[in-house]
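A.B. asks: I would like to see how this sequence folds:
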Amino acid sequence: MQGMASLGYSITIISCEKTDRLEKDGSVIQSLLQQFGIQWQPVLYSNVIPVVSQLTTLHRLYKAAKKLLQQKNYSIIHCRSTLPAMVGYRLKKQFSIPLIFDMRGFWAEERVEGNIWPQNKILYRSIYKYILKQEKMLLAESDHIISLTNAGKQIMLNQQVKKPISVIPCCADFQHFNPETISANASLELRRKLSIPDDAFVLIYTGSIGTWYLLDEMMQFFKEFVSAHENSFFLLITREKHELINTAAQKAKAPLSKIKMASAGRNEMPLYLSLANASIYFIKPGFSKQASSPVKQGEALSMGIPVITNSGIGDSDDIIFTNNFGWVLQLNSDYGKAIQEIKSTPTDRGEIRRKSHEILSLDSGIEKYLKVYKSVTSQ
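C.D. replies: Below is the predicted model:
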């Protein structure tokens, strides 16, 4: 949105925020947005009472958006994910403004496959069926649809969706995630702080753990990796409790002395990534994951780091195979051949960064959003 604002668009963001997060990060977000002239109106998010709290939050969202639309002549309603798009569709009808449905994935299916909506409970079965109907309506009535993946777009085309669909994956800021901004001394100092030898092979994982990210399977992979290559370490950059990681390591019988953990903010992430020889993320596959585009994929590739992931996740199979960006594995298979290749294959970091910039850079994403905005306003 900062990129779109710099191209001349006047943007107001309405977002649903938890009270504690708003108190902690609100002033920082406000400052970032003000630099680009973006207005921000947060509404409080609550999940104290299942379903009821979410409906209350959606009502707050609707009231805030309606008030703004009555005050200013907006030309586009751009909604990220299904629930906000349901509000956006109502406003589209009231104010005759085109709606962009930025799907972010097959949300209803994701909730079921992640067991967030257990289908053995009648309430969640009913919610699932209702949201599926709403998604079908949004796909039919929105003016433009954005999918994170080509795989997701193909599924929608197979379902006879007639509206224009653009594919815009999760992008990385290649200016921020730039290995050239990291000094060799800073990387060496961080290695020593973490007690990782200068010549060690570092496998890195970044981000949250749970629901979709398969910690046990990643730990089992590392156990086999370190058995084949002793001078290897697994560095996990996450805000999750260390006990969770230690438990997974013990379960896999992976050496705890070779596992390092740290927490880092966004500004520190390029430095931590600079230590890595490869980035790993195993994700629970399923129908909904065909529409997923992992943020950590673009961030690693922007630093020139090859990735190790499992098959069946969005467009990752095609992106990684076609461009030689790393390895796509079958979960719980014999990893032996891949482990030998990962350690012995030379990595051209400059080539990885250059080629991935064409696909996953923030610049590329902004350019694609600009085309969507222009097409919607010209209708």
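
A.B. asks: The protein: strands as residue ranges?
C.D. replies: 12-17, 39-44, 77-80, 99-102, 144-147, 165-167, 201-206, 232-237, 259-262, 278-281, 307-310, 326-329 (DSSP state E).

A.B. asks: any idea of the mean pLDDT in the shortest one?
C.D. replies: Strand 165-167 comes out with an average pLDDT of 98.

A.B. asks: same check, this time on the third one
C.D. replies: Averaging pLDDT along strand 77-80 yields 98.

A.B. asks: Make residue 1 into 2 and carry on from there
C.D. replies: Happy to do that; since the first residue is 2 now, the last one works out to strand 78-81.

A.B. asks: residues of that strand that come out buried?
C.D. replies: By neighbour count with 16 or more other C-beta atoms under 10 Å, strand 78-81 contains the buried residues 78-81. The way it works is simple: take the backbone N, C-alpha and C, and place the C-beta from them, glycine included.

A.B. asks: What is it packed up against?
C.D. replies: helix 83-96, strand 100-103 (3 or more C-beta pairs under 8 Å, 6 or more residues apart in numbering; DSSP states H and E).

A.B. asks: Only alpha carbons, please: show the longest one as PDB.
C.D. replies: The reference is to helix 83-96. The C-alpha trace of helix 83-96 is given here as PDB (Å, rounded to 0.1, in the frame of the first residue of the first chain):
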ATOM      1  CA  THR A  83     -13.100 -13.400   3.000                       C
ATOM      2  CA  LEU A  84     -14.700 -11.800   6.100                       C
ATOM      3  CA  PRO A  85     -13.700  -8.200   5.200                       C
ATOM      4  CA  ALA A  86     -14.800  -8.900   1.600                       C
ATOM      5  CA  MET A  87     -18.300  -9.800   2.900                       C
ATOM      6  CA  VAL A  88     -18.400  -6.300   4.400                       C
ATOM      7  CA  GLY A  89     -16.900  -4.900   1.200                       C
ATOM      8  CA  TYR A  90     -19.600  -6.500  -1.000                       C
ATOM      9  CA  ARG A  91     -22.400  -5.000   1.200                       C
ATOM     10  CA  LEU A  92     -20.700  -1.600   0.700                       C
ATOM     11  CA  LYS A  93     -20.200  -2.100  -3.000                       C
ATOM     12  CA  LYS A  94     -24.000  -2.600  -3.400                       C
ATOM     13  CA  GLN A  95     -24.800   0.500  -1.200                       C
ATOM     14  CA  PHE A  96     -22.300   2.900  -2.800                       C
END
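
A.B. asks: Tell me the helices and strands packed up against it.
C.D. replies: Looks like helix 83-96 contacts helix 53-72, strand 78-81, strand 100-103, helix 108-114, helix 123-142 (3+ C-beta pairs under 8 Å, 6+ apart).

A.B. asks: Run the chain-centre distance for it.
C.D. replies: Helix 83-96 sits 24 Å away from the centroid of its parent chain (C-alpha atoms, centre = their mean, to the nearest Å).

A.B. asks: what does the shortest one give?
C.D. replies: For strand 100-103, the distance from its own C-alpha centre to the chain's C-alpha centre is 18 Å (C-alpha atoms, centre = their mean).

A.B. asks: Next, count neighbours for the closest residue in space to residue 324 that isn't next to it in sequence.
C.D. replies: On the basis of C-beta to C-beta, 6 or more residues apart in numbering, the spatially nearest residue to residue 324 that is not a chain neighbour turns out to be residue 356, at 5.1 Å. Residue 356 is flanked by 17 other residues according to other C-beta atoms under 10 Å.

A.B. asks: right, and residue 356 touches residue 323 too?
C.D. replies: No: in this structure residue 356 lies outside contact range of residue 323 using C-beta atoms under 8 Å: 9.3 Å.

A.B. asks: Quick check: the gap between the residue nearest the centre of the chain and residue 326.
C.D. replies: Among the residues of the chain, the one closest to the centroid is residue 296, at 3.7 Å (C-alpha atoms, centre = their mean). Applying C-beta to C-beta, to the nearest Å, the value for residue 296 to residue 326 is 15 Å.

A.B. asks: quick one, helices of the stretch 152-301 of the chain?
C.D. replies: 185-194, 216-229, 243-253, 270-274, 296-303 (DSSP state H, counting those that start in this stretch).

A.B. asks: Buried residues in the first one, which are they?
C.D. replies: The neighbour-count check on helix 185-194 (16+ other C-beta under 10 Å) flags 188, 191-192 as buried.

A.B. asks: Which of the residues you listed lies at the shortest distance from residue 73?
C.D. replies: residue 191 (47.1 Å; C-beta to C-beta).

A.B. asks: quick one: the closest one from residue 301, how far?
C.D. replies: Separation of residue 191 from residue 301 (C-beta to C-beta) stands at 17 Å.

A.B. asks: neighbours of the closest residue to residue 247 other than its chain neighbours, just the number please.
C.D. replies: Excluding its sequence neighbours, the residue lying closest to residue 247 (C-beta to C-beta, 6+ apart) is residue 257, at 6.6 Å. By the criterion of other C-beta under 10 Å, residue 257 has 10 neighbours.

A.B. asks: same check, this time on residue 36
C.D. replies: 10.

A.B. asks: how much space is there between it and residue 17?
C.D. replies: Per C-beta to C-beta, residue 36 is found 23 Å from residue 17.

A.B. asks: Isn't the residue nearest to the centre of the chain up against residue 173?
C.D. replies: Yes: applying C-beta under 8 Å as the test, residue 296 and residue 173 come out as touching, 7.4 Å apart.
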